[in-house]
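[1] have a look at this prediction, sequence included:
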Amino acid sequence: MSRQPLAGWGRTSPSTADVRAVGSTDDVARQVAGHVADRVPGAGRGVLARGLGRSYGDAAQNGGGVVLDMTGLAEVHAVDPGTRLVDVDAGVSLERLIDVLLPRGLWVPVLPGTRQVTVGGAIAADVHGKNHHVHGSFGDHVTSMELVLADGSVRTLRRGTTDPEEAALRRATVGGMGLTGVVTRATIECRRVATSSMVVDTERAGDLDELLAVLATDEDRYPYSVAWFDAVATGGAAGRAVITRGRHAERDELPAASRARPLAYTPGVRAAVPDAVPPGVLNRATARAFNALYYRAAPRRRRTEVQDLTTFFHPLDAITSWNRLYGPRGMVQYQLVVPLGAEDVVRRVVADVAASGHVSCLNVLKRFGPGNDSPLSFPTEGWTLAVDLPVRAGLGHLLRGLDEQVLDAGGRLYLAKDSRADSATLRRMYPRLDEFRATRRRVDPDGVFVSDLARRLEL
Ligand SMILES: Cc1cc2nc3c(=O)[nH]c(=O)nc-3n(C[C@H](O)[C@H](O)[C@H](O)COP(=O)(O)OP(=O)(O)OC[C@H]3O[C@@H](n4cnc5c(N)ncnc54)[C@H](O)[C@@H]3O)c2cc1C
């Protein structure tokens, strides 16, 4: 056990917890049950699982309480290429999973924008990737999982179960941000791939209207699709974008030299950003230059380019600790989804951010497919937009204004990215919050599982 300050990827609101490493389901059960036994009623600060800390805000923090470091619970138990099922501990990272699966011609069914996340974190946030419009979110592919409950008992939660209590607990755990229990092990249904390469179409859109039109038409031809947009340009260039869409390559599409080892994969060398980046490195001038350069450097239109996995899925993973670039005050990633038909809200959000003087370089727009039945799962059918904004004066005011527009359109924010919304806002964004709360109360009546995020949002 050690007292450690913990922060999210955005580094905005660290808090100190007793961090305990766990190496088995029994370990987790002992820690949870022991915590309950020791607890002075009303005085405890509870327990929370933490993966690789890639949520941006305070979701994986439990100030004054216990945090279970799940990264030591990291065995891959079995991979069955026939059924495409992989049985893994919850602390296994998606990076490791790719290493294990690819040589067997299998692929992680949903990958977020970094592979530095654990299976437990991927379930708890019900993460989405570039393929949401065709393959849904991570929880959809989890055929069963093991969950340690507040009394230290272990439950198995199966996809498609007919037991209504098990089904409700599974729904609440997928996207439940660690608040129903600790996931210790999961079976995931993977996809089959013939190569480790992607076939990618890239094109530029001159403005936001063109971008929305492109993403609204051709999407179903591509299993993977995403757009980066310029969040600083105003006027006619507002929302200009680079759209990348692709699919896994077949063996005969590879360059001849690569066909002998179609599944070969080298994740690439990592550079690191030093810890002492001064505030203000990302300012209006540098962000404007970056956005313009990124747009102009992209091909106007390029078809069927063969790309490696990191280039297509995880270019940022080539640089460790890139979040330090935002300086000591950190950054907020603001990610929203609004329904199809609310394109005007997307236009206004892009215009408001560009006009605000706040700057963002990692700006993403994507069309989601339909969501699933988990009450706190973020994706719903519509437009999702994300911007990374360094913290500085006036940011709260800008984001509160954006919240109102998102709310009016019937949209919501992503809990794995959020660090500043309040409970009233959350209630309006997640209409099935009471269903989540009822399930949580049933399995954890004393509130053993808790986080800084749960306290802030009164989950
Ligand atoms: C560069 C970058 C890009 C990203 N891109 C995307 C993206 O494209 N799509 C997307 O959906 N997300 C994205 N994310 C967010 C990230 O995928 C999620 O926050 C994910 O939950 C992080 O996993 P983690 O293992 O780091 O979990 P943590 O951040 O450590 O924890 C996140 C939540 O999961 C809970 N949790 C962790 N492990 C367990 C467990 N074993 N049992 C129960 N609860 C657990 C924690 O309590 C916490 O509430 C991105 C993050 C970064 C930094």
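    Yep, it's here. Residues are numbered from 1 along each chain as shown.

[2] buried ones in stretch 319-339?
    Neighbour-count burial for stretch 319-339, counted by 16 or more other C-beta atoms under 10 Å, picks out 322-327, 330-338. In this view, the C-beta of every residue, glycine as well, is placed from N, C-alpha and C.

[3] and that stretch, end to end?
    Distance between the boundary residues of stretch 319-339 (C-alpha to C-alpha, to the nearest Å) amounts to 34 Å.

[4] report whether it contacts the ligand.
    No: no part of stretch 319-339 sits near the ligand under the criterion C-beta under 6 Å from any ligand atom; the closest distance found is 7.2 Å.

[5] for that stretch, the averaged confidence score.
    Averaged across stretch 319-339, the pLDDT comes to 90.

[6] how distant is that stretch from the center of its chain?
    Centroid displacement of stretch 319-339 relative to its chain, using C-alpha atoms, centre = their mean, to the nearest Å, is 12 Å.

[7] same check, this time on stretch 327-346
    Using C-alpha atoms, centre = their mean, the offset of stretch 327-346 from its chain centre is 14 Å.

[8] from residue 369, how far out is the residue minimising distance to the centre of the chain?
    With distances taken as C-alpha atoms, centre = their mean, residue 127 lies nearest the centre of the chain, 4.5 Å away. As for residue 127, its distance to residue 369 is 15 Å (criterion: C-beta to C-beta, to the nearest Å).

[9] next up, phi/psi of the residue in the stretch 351-459 of the chain positioned nearest to the ligand, please.
    Nearest residue of the stretch 351-459 of the chain to the ligand: residue 416, at 3.5 Å (C-beta to the nearest ligand atom). Main-chain dihedrals, residue 416, degrees, to the nearest 10: phi -70, psi -20.

[10] secondary structure class for residue 388?
    Using DSSP: H, G, I helix; E, B strand; the rest coil, the secondary structure recorded for residue 388 is strand.

[11] that one bridge partners, please.
    Beta-bridge pairing of residue 388 under DSSP bridges involves residue 333.

[12] can you give me the helices in the chain?
    25-38, 94-101, 119-124, 132-135, 164-173, 208-217, 284-297, 309-313, 343-356, 395-408, 423-429, 433-443, 452-457 (DSSP state H).

[13] show me what the fourth one is packed against.
    Contact analysis of helix 132-135 by 3 or more C-beta pairs under 8 Å, 6 or more residues apart in numbering; DSSP states H and E lists strand 364-368 as its packing neighbours.

[14] do the first one as well
    Contacts of helix 25-38 with other secondary structure elements, assessed using 3+ C-beta pairs under 8 Å, 6+ apart, are made with strand 47-50, strand 66-69, strand 142-148, strand 182-189.

[15] re earlier: among the buried residues of stretch 319-339, name the ones in strands.
    Among these, the members found in strands (DSSP state E) are 331, 332, 333, 334, 335, 336, 337, 338.

[16] so what's the fifth one up against?
    Right, residue 335. Residue 335 sits next to 378, 384, 385, 386, 413, 414, 417 when contact means C-beta atoms under 8 Å, 6 or more residues apart in numbering.

[17] repeat the analysis, applying 10 Å as the threshold.
    Residue 335 sits next to 56, 364, 378, 384-388, 412-418 when contact means C-beta atoms under 10 Å, 6 or more residues apart in numbering.

[18] thinking again about what came up before, report the separation between the closest residue to the residue nearest to the centre of the chain other than its chain neighbours and residue 163.
    Excluding the flanking residues, the one nearest residue 127 by C-beta to C-beta, 6 or more residues apart in numbering is residue 112, at 4.4 Å. Applying C-beta to C-beta, the value for residue 112 to residue 163 is 30 Å.

[19] neighbour count: these two, which is higher?
    Between residue 112 and residue 163, counted using other C-beta atoms under 10 Å, residue 112 has the larger neighbour count: 22 against 11.

[20] hmm, back to that, now, the most widely separated pair of the contacts of residue 335?
    Spanning the widest gap among those are 388 and 412, at 18.7 Å by C-beta to C-beta.

[21] more neighbours: the two, which one.
    residue 412 (27 against 24).

[22] and the pLDDT at the more buried one?
    Model confidence at residue 412, given as pLDDT, is 98.

[23] test my guess that it contacts residue 342.
    No: counting by C-beta atoms under 10 Å, residue 342 is not a contact partner of residue 412; they are 11.8 Å apart.

[24] quickly list what's touching both of the two.
    When contacts are counted by C-beta under 10 Å, 6+ apart, the set common to residue 412 and residue 342 consists of 336, 382, 406.

[25] hang on, isn't the second one packed against residue 371?
    Yes: taking contacts as C-beta under 10 Å, residue 382 lies within contact range of residue 371: 9.2 Å.

[26] which one's more surrounded, those two?
    Remark: of residue 382 and residue 371, residue 382 carries more neighbours, 26 against 20, as counted by other C-beta under 10 Å.

[27] which residues does that one form beta bridges with?
    Assessed by DSSP bridges, residue 382 has beta-bridge partners residue 368.

[28] run through the residues that contact it.
    Contacts were defined as C-beta under 10 Å, 6+ apart; by that measure residue 382 touches 336-343, 345-346, 366-371, 409-412.

[29] list the buried residues of stretch 115-134.
    Buried positions in stretch 115-134, judged by neighbour count with 16+ other C-beta under 10 Å: 115-133.

[30] dump that stretch to PDB, restricted to CA.
    The C-alpha coordinates for stretch 115-134 follow below in PDB (Å, rounded to 0.1, in the frame of the first residue of the first chain):
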ATOM      1  CA  ARG A 115      -4.000   1.200 -27.100                       C
ATOM      2  CA  GLN A 116      -2.700   2.100 -23.600                       C
ATOM      3  CA  VAL A 117      -5.900   1.200 -21.900                       C
ATOM      4  CA  THR A 118      -6.800  -1.900 -20.000                       C
ATOM      5  CA  VAL A 119      -9.600  -4.400 -20.700                       C
ATOM      6  CA  GLY A 120     -11.300  -3.300 -17.400                       C
ATOM      7  CA  GLY A 121     -11.000   0.400 -18.300                       C
ATOM      8  CA  ALA A 122     -12.400  -0.400 -21.800                       C
ATOM      9  CA  ILE A 123     -15.500  -2.100 -20.300                       C
ATOM     10  CA  ALA A 124     -16.000   0.400 -17.600                       C
ATOM     11  CA  ALA A 125     -16.000   3.300 -20.100                       C
ATOM     12  CA  ASP A 126     -17.600   1.200 -22.900                       C
ATOM     13  CA  VAL A 127     -15.000   2.700 -25.200                       C
ATOM     14  CA  HIS A 128     -15.700   3.300 -28.900                       C
ATOM     15  CA  GLY A 129     -13.400   3.500 -31.900                       C
ATOM     16  CA  LYS A 130     -13.400   4.500 -35.500                       C
ATOM     17  CA  ASN A 131     -15.700   1.500 -36.300                       C
ATOM     18  CA  HIS A 132     -18.600   2.500 -34.000                       C
ATOM     19  CA  HIS A 133     -20.900   3.000 -36.900                       C
ATOM     20  CA  VAL A 134     -20.600  -0.600 -37.900                       C
END
